[in-house]
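In: Show me the folded form of this:
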Amino acid sequence: MSVYVGNLSYEVTEEGLNGVFAEYGSVKRVQLPTDRETGRMRGFGFVEMGTDAEETAAIDALDGAEWMGRDLKVNKAKPREDRGSFGGNRGNNSFGNRY
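Out: As a prediction, this is how the structure comes out:
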């Protein structure tokens with residue numbers, strides 16, 4: 001059970017996000033991805049809740065809610081796409097099929 005949280009302030013911490021979601025149930029894990037090059041937070045995160053009911057309660061309450069000066073975008077996280085080892089557009093490169 002994982003929830004996507006978008007439009008986060010760059011000042012958000014895992015502890016802060018955990019505290020907001022803990023009001024709606026047990027929080028198993030919080031992830032705040034950072035940019036590889038700058039180390040800066042990317043403006044979104046994922047919260048893993050204990051049950052589907054807790055997840056639904058958090059989504060219903062927090063989607064569109066204002067927190068830290070931003071309107072949150074909260075919904076059920078989609079499974080991560082397998083983008084391969086080189087990123088998007090595999091097999092459709094601009095070099096054609098020369099080889």
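In: Now for the protein: which helix has the highest residue count?
Out: helix 52-62 (DSSP state H).
In: Now it: average pLDDT?
Out: For helix 52-62, the mean per-residue pLDDT is 97.
In: And the contacts of the helix or strand just after that helix?
Out: Downstream of helix 52-62, the first helix or strand assigned by DSSP states H and E is strand 66-67. Contacts to strand 66-67, defined as CB atoms under 8 Å, 6 or more residues apart in numbering, come from residues 9, 20, 72. C-beta coordinates here come from the backbone N, C-alpha and C atoms, glycine included.
In: ok, then the element right after strand 66-67?
Out: Sequence-wise, the next helix or strand downstream of strand 66-67 (DSSP H and E) is strand 70-71.
In: tell me how far that next one is from the chain's mean position?
Out: Mean-position distance between strand 70-71 and its chain equals 15 Å (CA atoms, centre = their mean, to the nearest Å).
In: that's a strand at Asn75, yeah?
Out: Yes. According to DSSP: H, G, I helix; E, B strand; the rest coil, Asn75 belongs to a strand.
In: Now do the SS call for the residue lying closest to it once chain neighbours are set aside.
Out: Nearest non-adjacent residue to Asn75, counting by CB to CB, 6 or more residues apart in numbering: Tyr4, 5.6 Å away. Recorded secondary structure, Tyr4: strand (three-state DSSP).
In: In contact with Tyr4, which residues are there?
Out: 44-46, 73-78 are the contacts of Tyr4 under CB under 8 Å, 6+ apart.
In: Buried ones only from these, please, as a ChimeraX command.
Out: To isolate the buried members of those in ChimeraX, using 16 or more other CB atoms under 10 Å:
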select :45,74,77
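In: Can you give the contact residues for stretch 54-62?
Out: Contacts of stretch 54-62 (CB under 8 Å, 6+ apart): 1-3, 5, 20-21, 23-26, 47, 49, 72, 74-76.
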